Structure formats: C-alpha cells, structure tokens
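Novice: Got a predicted structure plus its sequence, pasted below:
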Amino acid sequence: MAFKYRRLDAEHAAQWQALRLEGARDFPLGFLVTLEETEATSLERAGQILGAGAQRGIFEQDELVGFCGFRRTLLQRMRHRAEVGPFFVTSGYQGTDAASQMMSGVIEEARSKGVEQLELFVDTQNARAIRFYERLGFERAATYRDSVRIDGVSHDDYFMTLRLAGQDVT
C-alpha cells in the first residue's frame, strides 16, 4: 500500500471526525476526549480545530486512514521539543505500514523544523501502542500517576521521549 503523510486542514473535517469517533468508541485508552465529547463536536468545529494546523494524517489515495497531533513547543527555551498525540490508525489499516509511515512523517517533519525531542503520553495499559513506540526508539521517561479517569477509574500514563538529535530513528 502506498501511503501519503500530510497536514490536515478544514477540508478533511468529515473524515477526521469519523476516525475520531471510531477511536473514542473502540480505543478509549488512546484518547483524552470521550465518545460523548467527540459526538458533540460539529463539523464546523472540527474544521476549526484542523485549521489550527496541529493535526497530521496518513492517506491511502484520498482516504484518511490515520491521524496524529503534532505540536511544537513555541517558547524559546522549549523549542527543541514537540508533542505527538493523539495517534490513531483506523482498524482496517492497523497491522499495515500506515502507522509506521505516519510516525516517520512526523519524525521527518520534526527534524526539518529543528526539533530534537518528540514527546508523548500513552496509557500504561495500552500494550500495543507502547510496543509500537518502543520499536521506533521512544523510551519511557516517567510515569504520570492518575493522569486520566475513565468512567471513574484512575489510569496512569507513561511519558515517552524520542531523541532526534544525532540519531537516525526512521
């Protein structure tokens, strides 16, 4: 399969919203937003979110099959860092190269912007995602206790980092 990584904008709102709904419904450990909050997001609001420029996608032809957040820290003393997340690939494309190609796109974009460290949070119970990130070179830097409560149940997150400076991780 040939995938293409690119920045999302308002024209992708319907596809992005459909993937968010799938993710919030089927993979709640991977999303801070609840299914109800996602359902309440209008297409207009989704377009506004995408217009902010912090979402990337992976496409097979014209079909959005995955998305991730990519936010560079803007403060001068922190400009060497960027945050990734949420990170999601639709179930029909999990197990393909879509996720790897999307993260490779993020890494290449980060490097081109002078980012030296990527950071993300992942639920400590999300074993599949943790294995994926570790295969790419992310390391657990800390455990964030009681970071999220899902249906009243406390969940911990791992804070993971990937050093880009002087390393070839793709």
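Specialist: Yep, that arrived.
Novice: alpha carbons only for contacts and neighbour counts from here, please
Specialist: Will do.
Novice: SS state for Val122?
Specialist: Of the three states, Val122 takes strand under DSSP: H, G, I helix; E, B strand; the rest coil.
Novice: Let me see the confidence value for the residue lying closest to Ala14 once chain neighbours are set aside.
Specialist: Nearest in space to Ala14, with sequence neighbours left out and distances taken as C-alpha to C-alpha, 6 or more residues apart in numbering, is Leu43 at 6.4 Å. The model reports Leu43 with a pLDDT of 96.
Novice: got a list of what Ile130 touches?
Specialist: Applying C-alpha atoms under 8 Å, 6 or more residues apart in numbering, we find Ile130 in contact with Val122, Thr124.
Novice: What strand or helix carries it?
Specialist: Secondary structure assigned from DSSP states H and E places Ile130 in helix 127-135.
Novice: what pLDDT, on average, does that helix get?
Specialist: If you average the pLDDT values across helix 127-135, you get 96.
Novice: Number the chain from 752, please
Specialist: Done: numbering now begins at 752, and the last item shifts to helix 878-886.
Novice: Just the CA trace of that helix, in PDB.
Specialist: Below are the C-alpha coordinates for helix 878-886, written out as PDB (Å, rounded to 0.1, in the frame of the first residue of the first chain):
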ATOM      1  CA  ALA A 878       0.500  -2.500  25.500                       C
ATOM      2  CA  ARG A 879       0.200  -2.500  21.700                       C
ATOM      3  CA  ALA A 880       0.900   1.300  21.400                       C
ATOM      4  CA  ILE A 881       3.700   1.000  23.900                       C
ATOM      5  CA  ARG A 882       5.400  -1.800  21.800                       C
ATOM      6  CA  PHE A 883       4.900   0.300  18.700                       C
ATOM      7  CA  TYR A 884       6.500   3.400  20.200                       C
ATOM      8  CA  GLU A 885       9.400   1.400  21.700                       C
ATOM      9  CA  ARG A 886      10.100  -0.200  18.400                       C
END
